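A.B. asks: have a look; sequence and predicted model below, questions after that.
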Amino acid sequence: MKKFLILLIPLSIFIYSAGENKCGSLEKCDYYSADVHDTYSLQRGLGIYMNYCSTCHTLELLRWNRLQRDLDIPETILIEDLIANPDIKIADYMTFGLPEVSAIGAPDLTLRTRVRGEDWIYTYLRTFYEDPEQLTGTNNLVYPGTSMPNILVGLQGIQTLDNDGTIKLKSEGSLSRAEFDDSMKDLVNFLAYASEPARITREKNGIFVILFFIIFTAVMWLLYREYAKEIK
Amino acid sequence: MSEKENSKSFMSSMMSWIDRRFPVTENLERHLTKHPVPKKVNFYYLFGALLMVVFMIQVITGIWLMMFYTNTEEGAFASIEYIMRDVEYGWLMRYMHSTGASAFFFLMYFHMFRGLLYGSYQKPKELVWLFGCFLLFLLMAEGFLGYVLPWGQMSYWAANVILSLFGAIPYIGPDLQVWIQGDFVLSGITLSRFFALHVVVVPLLMIALVVFHIFALHEVGAGNPEGVDIEKHRDAKGMPLDGAPFHPYKTFSALPAMGIFFIVFFAIVFFAPTGGGYLIEKPNFEEANFLKTPDHIAPVWYYAPFYSILRAVTFGIPFLGITSKFLGFIIFAASIAILFVVPWLDRSNVQSIRYKGIYSKIAMILFASSFITLGYLGTKPVNELRTLIAQICTIFYFAPFILMPIYTKYEKTLEVPERL
């Protein structure tokens, strides 16, 4: 029987290694895992979102006052700087007055990070390059033929694709590479929060529930031992 | 008379008043305080109790979800996000329900594998096993119906794949599919009837079968890993020497197990509710769209082994008019149906794998490893190599059962001890 089990191991490695973790035309997405407990990062991410994304993309499932509560935003800033429209109430969704499907077909971003994954969005935002054959003048390694223009080009700078398939920086943007990567992390972090606002409470309180059940198990184990003695 | 004695006699006269009209004490003794169970069992015998716990979690969280869920094509997807965002602790109810579904299957598979290992289907436990198999079938139906309700892309397209199987049945297929769907395509009409089935019909049947399962079990008595009949040796009071009353001895052994289960369960609920896309799949966060098929349609992990068997059949029987899809459906159905007849396939004179021969042991390893491999393959897109492996594993899945009457009859078994 043992020999049979030993035989199973190489066989299983052989089948299980064939993975489908491709990231568009890339072998693998760059790793990023959101930390929704970093409120400052979420606030910075919101800033980038408001400045760059909100022109075309809605967040139709996130309410302004939920955002205010979770991101510690003072009410005056929320009403005067972020909403900046007397017709919009703070309990409204973050649709910026855009129609459900905007004229240019930009998708709603509320659940995008859950559909694509945090890694995917993070890599996608950083792999735009110049491509004169495209309508927008740019193309993307993760999502070839994407109809989204490289809106962040001012921050990142212009990138080109080498013949060997790697991306090179052609001209500097206003941010260095490390700074740009950090701000994209903030942005993806914010989008991850938007896709599941309850994640903050969920991850914060989960540990107490688990601690409770560890104590519960210990006490129940002692109780069980007492009863088990009787039937030895 | 002192006050204490007074109240005691009042309580006992109360109880006897009730007992004359409704046999509370008799049933408590029959099923709990005097019901004998084997003293020495292993962890495999805890899954039944845990399944009861999960069933209760599903019922309770399900009731809460139902209060906020909308069963229409337009409202279903949005109502799930409403539960996740605007309902207080709605996210907890939803994640407990979705994780509970996976836990249900996980425990069910172990519970049934225990049955196969220790012969928990052998005479006179055939009906216990049969009711259990019906419960597996109902659970699969319940899981499938529930999976459609969030109305995400994967809900829609996975349901399409399964419903199209009915359409593959010769002659009656296409009409049958339309009759089940209630529409020419999978639509809001299908959604609302699946909702009715998911929350009323199937759970009611499951509750009835759980009761039958337990009544039958308490009639024939619980087994043990040794396959020893504890009823043979009794003490002066008629209690089996190797047995102990169910309550308190077994109830208190289930509590620490419940604690460990809850640690794992809540670790998933709070820290990995989507299970890396295996418990809640990524495309299911996108609303169902009948114009857009996802790149890769995969079932949830607990259906994956059976889905793999379905896909492994790449050939039909043309002269009988059987397409490969219909043959796949037949073999897929047979992979569950074969479990129902296991009590009549096993000809062994011992119950437990511990005393069975080498062929039974090899058969169990083959069955378990092919089930796991099929499960893995079911979640991946097909290619030639994977189809070949799935075909081999399908044979290994069936062989232990089909050959069971032969090897269990002729293999050499060990002597079972008299006592536990």
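C.D. replies: Perfect, thanks for sending it. A quick note: this is a predicted structure, and the numbers were derived from the prediction, not measured.
A.B. asks: now check the helix or strand A:Thr201 falls within, is it near chain B?
C.D. replies: Using DSSP states H and E, A:Thr201 sits in helix A:199-230. Yes. Helix A:199-230 lies within reach of chain B by CB under 8 Å from any CB of the partner chain, at A:202-203, A:205-207, A:209-210, A:213-214, A:216-218, A:220-221, A:223-224, A:227-228, A:230. Quick note: C-beta positions are derived from backbone N, CA and C, even for glycine.
A.B. asks: for that helix, buried residues please.
C.D. replies: The neighbour-count check on helix A:199-230 (16 or more other CB atoms under 10 Å in any protein chain shown) flags A:199-200, A:202, A:206, A:209-210, A:213, A:216-217, A:220-221, A:224, A:227 as buried.
A.B. asks: for A:Thr123, grab phi and psi.
C.D. replies: phi -70, psi -40 (degrees, to the nearest 10).
A.B. asks: what's near enough to touch it?
C.D. replies: The contact partners of A:Thr123, by CB atoms under 8 Å, 6 or more residues apart in numbering or on different chains, come to A:Cys23, A:Leu26, A:Cys29, A:Asp30, A:Tyr32, A:Leu141, A:Val142.
A.B. asks: lowest average confidence, helix or strand, in the chain?
C.D. replies: I'll assume chain A. helix A:2-16 (a mean of 49; mean pLDDT, DSSP states H and E).
A.B. asks: after that one, which helix or strand is next? Please name it.
C.D. replies: For helix A:2-16, the following helix or strand on the C-terminal side (DSSP H and E) is helix A:39-48.
A.B. asks: report the mean per-residue pLDDT for that following helix.
C.D. replies: Averaging pLDDT along helix A:39-48 yields 97.
A.B. asks: who are the packing partners of that helix?
C.D. replies: helix A:177-195 (3 or more CB pairs under 8 Å, 6 or more residues apart in numbering or on different chains; DSSP states H and E).
A.B. asks: show me the contact partners of the helix it packs on.
C.D. replies: A:32, A:34-36, A:38, A:41-42, A:44-46, A:48-49, A:53, A:59, A:61-62, A:70-71, A:109-114, A:118, A:121-122, A:125-126, A:152, A:155-156, A:169, A:173, A:175, A:199-200, B:285.
A.B. asks: select only the buried ones of those in ChimeraX?
C.D. replies: Command for ChimeraX that selects the buried part of those, burial taken from 16+ other CB under 10 Å:
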select /A:32,34,36,41,42,44,45,46,48,49,53,59,61,62,70,71,109,110,111,112,113,114,118,121,122,125,126,152,155,156,173,175,199,200 /B:285
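A.B. asks: and the contacts of A:Thr123 as a markdown table, adding pLDDT and distance to chain B?
C.D. replies: Shown next, in a markdown table, are the contacts of A:Thr123 (pLDDT from 0 to 100; distance: CB to the nearest CB, whole Å):
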| residue | pLDDT | distance to chain B |
| --- | --- | --- |
| A:Cys23 | 83 | 13 |
| A:Leu26 | 85 | 16 |
| A:Cys29 | 90 | 13 |
| A:Asp30 | 92 | 18 |
| A:Tyr32 | 93 | 15 |
| A:Leu141 | 92 | 18 |
| A:Val142 | 93 | 14 |
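A.B. asks: pLDDT weak spots in the chain?
C.D. replies: Going with chain A. A:1-21, A:100-103 (pLDDT under 70).
A.B. asks: actually chain B
C.D. replies: Within chain B, the stretches with pLDDT under 70 are B:1-5.
A.B. asks: report the residue ranges of every domain in it.
C.D. replies: Here the domain assignment for chain B is B:45-297, B:307-420, based on automatic domain parsing.
A.B. asks: out of those domains, nearest to A:Asp162?
C.D. replies: Nearest to A:Asp162 among those is domain B:45-297 (28.3 Å), distances taken as CB to CB.
A.B. asks: need the distance between the two termini of the closest one.
C.D. replies: 36 Å (CA to CA, to the nearest Å).
A.B. asks: next SSE after the helix or strand where B:Ser16 lies?
C.D. replies: Counting by DSSP H and E, the element that carries B:Ser16 is helix B:3-21. Using DSSP H and E, the next helix or strand after helix B:3-21 towards the C-terminus is helix B:24-28.
A.B. asks: which secondary structure elements does that next one contact?
C.D. replies: helix B:3-21.
A.B. asks: how about the helix it packs on: buried residues?
C.D. replies: Going through helix B:3-21 with 16+ other CB under 10 Å, nothing comes out buried.
A.B. asks: again, but for stretch B:375-389
C.D. replies: For stretch B:375-389, a neighbour-count test (16+ other CB under 10 Å) marks B:Gly375, B:Tyr376, B:Leu377, B:Gly378, B:Thr379, B:Lys380, B:Arg386, B:Thr387, B:Ile389 as buried.
A.B. asks: over to stretch A:82-99?
C.D. replies: For stretch A:82-99, by 16+ other CB under 10 Å, it's A:Leu82, A:Ile83, A:Ile88, A:Tyr93, A:Met94, A:Thr95, A:Phe96, A:Leu98.
A.B. asks: quick one: those residues as TSV, columns for secondary structure too.
C.D. replies: Shown next, in TSV, are those (DSSP: H, G, I helix; E, B strand; the rest coil):
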residue	secondary structure
A:Leu82	helix
A:Ile83	helix
A:Ile88	coil
A:Tyr93	strand
A:Met94	strand
A:Thr95	coil
A:Phe96	coil
A:Leu98	coil
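A.B. asks: identify the farthest-apart pair in these.
C.D. replies: Greatest spatial distance in the buried residues of stretch A:82-99: A:Leu82 and A:Leu98, 15.4 Å, computed using CB to CB.
A.B. asks: any idea how far A:Thr95 is from chain B?
C.D. replies: Distance, A:Thr95 to chain B, using CB to the nearest CB, to the nearest Å: 14 Å.
A.B. asks: surely that residue meets A:Leu62?
C.D. replies: No. If you go by CB atoms under 8 Å, A:Thr95 and A:Leu62 don't touch, sitting 9.5 Å apart.
A.B. asks: could you measure from B:Phe401 over to chain A?
C.D. replies: Between B:Phe401 and chain A the distance is 19 Å, computed by CB to the nearest CB.
A.B. asks: now that residue: closest residue in space that isn't a chain neighbour?
C.D. replies: Leaving aside its sequence neighbours, B:Phe401 sits nearest to B:Ile338 (CB to CB, 6 or more residues apart in numbering or on different chains; 5.0 Å).
A.B. asks: who are the neighbours in contact with the one you found?
C.D. replies: B:Phe398, B:Phe401, B:Ile402.
A.B. asks: secondary structure class for the second one?
C.D. replies: This means B:Phe401. With three-state DSSP as the basis, B:Phe401 sits in helix.
A.B. asks: tell me how many other residues surround it.
C.D. replies: 19 (other CB atoms under 10 Å in any protein chain shown).
A.B. asks: wait, what's in contact with it?
C.D. replies: Each residue near B:Phe401 by CB under 8 Å, 6+ apart is listed here: B:Ile338, B:Leu339, B:Val341, B:Val342, B:Leu345, B:Phe367.
A.B. asks: make JSON lines from those residues and add distance to B:Gly276 and secondary structure to it.
C.D. replies: Listed next are those as JSON lines, based on distance: CB to CB, whole Å; DSSP: H, G, I helix; E, B strand; the rest coil:
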{"residue": "B:Ile338", "distance to B:Gly276": "32", "secondary structure": "helix"}
{"residue": "B:Leu339", "distance to B:Gly276": "29", "secondary structure": "helix"}
{"residue": "B:Val341", "distance to B:Gly276": "37", "secondary structure": "coil"}
{"residue": "B:Val342", "distance to B:Gly276": "34", "secondary structure": "helix"}
{"residue": "B:Leu345", "distance to B:Gly276": "38", "secondary structure": "helix"}
{"residue": "B:Phe367", "distance to B:Gly276": "27", "secondary structure": "helix"}
